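Quick one, what's the 3D model for this:
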Amino acid sequence: MSIEVNHLFKYYGEQAAVQDISFNVAAGEIVGFIGPNGAGKSTTMKIITGFIPSSSGDVKVCGMPVNEDSMQTRQLIGYLPEHNPLYLDMYVKEYLEFVGKIYKVKNLKARTEEMIHAVGLDVEQNKKIGALSKGYRQRVGLAAAIIHDPQVLILDEPTSGLDPNQLVDIRELIKKIGKEKTVMLSTHIMQEVEAICDRVVIINKGRIVANDTASVLQQSMSLQTVYVEFEGSVSKGMLAKIPHVGKVEAVKEGWLIETRDDIDLRKEISLFAQKNDLLVLTLRAEEKSLEEVFKELTK
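Numbers count the residues shown, from 1 in each chain. Predicted coordinates for the structure are as follows:
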């Protein structure tokens, strides 16, 4: 595993920012790390990158414990913080060469040119960073994060504040990078998670509440609500007596039925229809978007 987090805790005074979280990110995987503001995303990322220590727990990057030799593990990590720290008075090429020297990158000029081309900065490379748009500044930050060819890339809100065109460009760039490196990114944009990420880890109030692919999370949550239409008269009271039913709501020509348990209601509804000699015209799980799943798990 490229990233291993086991029973991680982080306290600020008496306040727990992260509480007993565990997850792994495999080599070559792009994982979305999402949650509400204040859920513990940035804190977790800072601990993984070695910028702040944990209160307890174990974090490894490429098999090496972060708390034992953070300088060595930092060599393996490319990090783009939420607030991209750039020297605005430096030129693009000058800044990237400056970062490369810190990492002692070999063949630095060639590597700088390679990064400028990789992130689409060719046209802007002779400008000062302060003269660049937000989108191009993010590209500079990405180039700086990968100039030393890290195995792991940590991106905290990499597309925050970008316009739609810039969003598409940066997303494609992250997907391209993700083919060769392990990527962990945080974002509030659910479409971004669906478009980029292989898997989703959702954190809420410092605890992991979900860890799976977006499609599996959507499917599992969707099965908890079904839409059904019957040919014949059916009352809300009758439907409420079906085993495992929690909530019944009349909508259009049919009914929305929610389970109070973690099961697929369609079998119970089919059995109900047979017992009451009813013809089922429509019976389907109500597909939920990732945004709806996120709201359900973090409300």
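
What count of nearby residues applies to Q191?
13 (other C-beta atoms under 10 Å). C-betas here are computed from N, CA, C, even on glycine.

ok, the residue nearest the centre of the chain - contacts?
Centroid-nearest residue in the chain: G32, 1.8 Å away (criterion: C-alpha atoms, centre = their mean). Contacts for G32 (C-beta atoms under 8 Å, 6 or more residues apart in numbering) come out as 185-187, 192-193, 196-197, 199-201, 214.

Low-confidence ranges, the chain, go.
For the chain, applying pLDDT under 70 flags the ranges 1, 222-223.

And it, what are its domain boundaries?
As recorded under automatic domain parsing, the domains making up the chain are 3-213, 219-298.

quick one on the thing from earlier: so the residue nearest to the centre of the chain, which state does it fall into?
Assigned by DSSP: H, G, I helix; E, B strand; the rest coil, the conformation of G32 is strand.

Y227 now?
At Y227 the chain is in strand, as set by three-state DSSP.

Can we start the residue count at 55 from this point?
Will do, 55 is the new start, and the previous item becomes Y281.

quick one: it and E248, what's the gap?
For Y281, the distance to E248 (C-beta to C-beta, to the nearest Å) stands at 23 Å.

go on, V72?
On the measure of C-beta to C-beta, V72 and E248 end up 26 Å apart.

the more surrounded of the two?
For V72 and E248, the more surrounded residue by other C-beta under 10 Å is V72, and the numbers stand at 25 against 16.

and the more buried one, what is it in contact with?
For V72, the contacting residues are 62-64, 94, 97-98, 101, 108, 260, by C-beta under 8 Å, 6+ apart.

Among those residues, name the ones in helices.
97-98, 101 (DSSP state H).

What strand or helix carries G291?
Taking DSSP states H and E as the criterion, G291 maps to helix 290-294.

which secondary structure elements does that helix contact?
strand 299-305, strand 308-313 (3 or more C-beta pairs under 8 Å, 6 or more residues apart in numbering; DSSP states H and E).

at 6 Å instead, please
strand 299-305 (3 or more C-beta pairs under 6 Å, 6 or more residues apart in numbering; DSSP states H and E).

So which elements touch the strand it packs on?
Judged by 3+ C-beta pairs under 6 Å, 6+ apart, strand 299-305 is in contact with helix 290-294, strand 308-313.

Give the closest residue to E345 in space, chain neighbours not counted.
Closest residue to E345 in three dimensions, ignoring its sequence neighbours and counting by C-beta to C-beta, 6 or more residues apart in numbering: M244, at 4.4 Å.
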